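Engineer: quick one, structure for this:
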Amino acid sequence: RTANAAFELDGKSFKLAANNGPNHLHGGNVGWDKQLWYCEAQTETSLTMALLSEAGDEGYPGRCVARVTYSLPTPNQLRIEYRATADEPTPLSLTNHAYWNLRDGGRTSVRHHEIELAADLYTPVDATSIPTGEVRAVGGAMDLRKRVPIGAGLANADNGMGYDHNYVLRSEVGADGLRPVARVYEPESGRWMTVRTDQMGVQFYTGNYLDGLAGRGGCAYRRNHGFCLETQSFPDSANQRHFPSIVLRPGQTYTHTTVHEFGASAAAPLGPF
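Structural biologist: Predicted coordinates:
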């Protein structure tokens, strides 16, 4: 998200597509999620896709080459690795916006899924879901550090519509260079998912604007029928100078790794993840 669909970089002003009220969201009207990626390599357990984004695409400076590799290192892991370069300075923050429903793939609400987030801080938002610039300690419905049903705090999340907030992940990383993000457990099926990443933030979104979109198997994806855990840099970092920088400069390589792990158990998993 970029406030007012505009930013300044190195003394120059740039205007982006305003596709979410006055703001810029998901890369614009034809973001990278709507573009055709080239299959660069594949194996039985991995797929690498590549995209060339020309200078000026949706208002962004620089010619950018991006790659994403999806792989299955083990039968119960999904690893997503991003890389990108640009020939001019440009803001860049990539993520995966998959919706998850561990019970039935989206036929019913995720309110009874139980979540815990490894975050002590979050970035409050204004009425248009743009961060205000404050970094605030979690509290009340925004405190998800201990396992709790997703539905317990939906009505009392900051914007009153449900969760659509960036959480600031703890700085400690493991031997693999990744930090814990979240663990989600679905009591009826026993399925669980953990997420780890090398990014500083995660956008936790509870499908607040799903409105009956036709889904797989004839089901309708309705409000709160899925949740997202979008590992990324902080929203509106292009305008919030005290947020970690998302500027990619010539000669630099953007990298980002996120790992999802899945399992099933009769009771919610405990301990570190």
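Engineer: what's the local residue count around Arg196?
Structural biologist: Arg196 is surrounded by 24 other residues when neighbours are defined as other Cβ atoms under 10 Å. In short, each C-beta sits where N, CA and C put it, glycine included.
Engineer: against Leu52, how distant is it?
Structural biologist: In this structure, Arg196 and Leu52 are separated by 30 Å, where distance is defined by Cβ to Cβ, to the nearest Å.
Engineer: name the nearest residue to Arg216, ignoring sequence neighbours.
Structural biologist: Nearest non-adjacent residue to Arg216, counting by Cβ to Cβ, 6 or more residues apart in numbering: Gly105, 6.5 Å away.
Engineer: may I have the phi/psi pair for that neighbour?
Structural biologist: Dihedral angles phi and psi of Gly105 (degrees, to the nearest 10) take the values phi 70, psi 10.
Engineer: pretty sure it sits against Gly218.
Structural biologist: No: because the distance of 11.6 Å does not satisfy Cβ atoms under 8 Å, Gly105 is recorded as not touching Gly218.
Engineer: more neighbours, the two?
Structural biologist: For Gly105 versus Gly218, the count of surrounding residues by other Cβ under 10 Å is larger for Gly105: 16 against 7.
Engineer: spit out the contact partners of that one.
Structural biologist: For Gly105, the contacting residues are Gly215, Arg216, Gly217, Cys219, taking Cβ atoms under 8 Å, 6 or more residues apart in numbering as the criterion.
Engineer: could you export these as JSON lines, including neighbour count, secondary structure and pLDDT?
Structural biologist: Below are the contacts of Gly105 laid out as JSON lines (neighbours: other Cβ atoms under 10 Å; DSSP: H, G, I helix; E, B strand; the rest coil; pLDDT from 0 to 100):
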{"residue": "Gly215", "neighbour count": "18", "secondary structure": "coil", "pLDDT": "91"}
{"residue": "Arg216", "neighbour count": "9", "secondary structure": "helix", "pLDDT": "88"}
{"residue": "Gly217", "neighbour count": "8", "secondary structure": "helix", "pLDDT": "86"}
{"residue": "Cys219", "neighbour count": "17", "secondary structure": "coil", "pLDDT": "92"}
